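Undergrad: Give me the fold of what follows.
(chains A and B)
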Amino acid sequence: GDSVTQMEGPVTLSEEAFLTINCTYTATGYPSLFWYVQYPGEGLQLLLKATKADDKGSNKGFEATYRKETTSFHLEKGSVQVSDSAVYFCAYTNFGNEKLTFGTGTRLTIIP
Amino acid sequence: EAGVAQSPRYKIIEKRQSVAFWCNPISGHATLYWYQQILGQGPKLLIQFQNNGVVDDSQLPKDRFSAERLKGVDSTLKIQPAKLEDSAVYLCASSLKTGAEAFFGQGTRLTVV
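TA: The predicted structure is shown next:
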């Protein structure tokens, strides 16, 4: 069945390091792909999204490109900050079955 | 704009007791979701409403869980009787329509002892 698989955590980086969190999907058809973030003590919020192949979603310095050939939607940021410490979830919806399905989450900790 | 409101924020109950959670979605949002997030896992969809009709409840344990969305606005999720494995954060989310960006509440943390 359809699913997303994301990089297991926890991930710990130093401030200003380059970040990649991997996400791959298995889906029939053409899913829309999302990254959600959960900051400590807050609710889940949408970070970025892409709805078709080769689309790039971006927000707050984060980027992810919808790559159909590798069925991936990896999250990247060039220079992370302490305030980026959070749990990041890859998610998708699929046309005809608009259920928003999440990966297991990756906890990111940035140390000064 | 007010966000998705949930109550209570925390609840501790004994196994076999019943519990109810309440959600008030963003005004005008037709789609409402209830998710269960067990510690260390991603949110799992329990039920999805479109207005006051159920779109998907395939992962709702119907022998003990029930949910309703009266008049297509507020929603309640009930567990009766609770089991230890129901300990989790219950998240409510809403979106303008199915497939649009979902906005989440802060969740209700349930501990079953």
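Undergrad: Quick one: list the elements packing against the helix or strand containing B:Tyr90.
TA: Assigned by DSSP states H and E, B:Tyr90 falls within strand B:88-95. Where contact means 3 or more CB pairs under 8 Å, 6 or more residues apart in numbering or on different chains; DSSP states H and E, strand B:88-95 is packed against strand B:5-7, strand B:19-24, strand B:31-37, strand B:75-79, strand B:103-104, strand B:108-112. Bear in mind the C-beta positions are built from the backbone N, C-alpha and C, glycine included.
Undergrad: rerun at 6 Å
TA: Applying 3 or more CB pairs under 6 Å, 6 or more residues apart in numbering or on different chains; DSSP states H and E, we find strand B:88-95 packed against strand B:31-37, strand B:103-104.
Undergrad: Nearest to chain A among those strands would be which one?
TA: strand B:103-104 (4.1 Å; CB to the nearest CB).
Undergrad: Tell me the helices and strands packed up against that closest one.
TA: On a contact count with 3+ CB pairs under 6 Å, 6+ apart, strand B:103-104 meets strand B:88-95.
Undergrad: How far does the strand it packs on sit from its chain's centre?
TA: How far strand B:88-95 lies from its chain's middle: 5 Å, per CA atoms, centre = their mean, to the nearest Å.
Undergrad: The strand holding B:Tyr90 vs strand B:31-37, what angle?
TA: 160 degrees (axes from the mean of the first three to the mean of the last three CA atoms, to 10 degrees).
Undergrad: In its sheet, which strands sit next to strand B:88-95, and in what direction?
TA: strand B:31-37 (antiparallel), strand B:103-104 (antiparallel), strand B:108-112 (antiparallel) (DSSP bridges).
Undergrad: Format those strands as a markdown table; extra columns: mean pLDDT and distance to A:Glu8.
TA: What follows is the strands paired with strand B:88-95, written out as a markdown table (pLDDT from 0 to 100; distance: least, CB to CB, whole Å):
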| stretch | mean pLDDT | distance to A:Glu8 |
| --- | --- | --- |
| strand B:31-37 | 95 | 17 |
| strand B:103-104 | 92 | 23 |
| strand B:108-112 | 97 | 24 |
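Undergrad: what mean pLDDT does the host helix or strand of A:Thr109 have?
TA: Secondary structure assignment for A:Thr109, by DSSP H and E: strand A:106-111. Mean pLDDT, computed over strand A:106-111, is 96.
Undergrad: contact partners of that strand?
TA: Residues from elsewhere that reach strand A:106-111, judged by CB atoms under 6 Å, 6 or more residues apart in numbering or on different chains: A:6-7, A:9-15, A:21, A:80, A:82, A:84-85, A:87-88.
Undergrad: next one: phi and psi at A:Ala30?
TA: Heads up, residue A:30 is Tyr, not Ala. phi -130, psi 90 (degrees, to the nearest 10).
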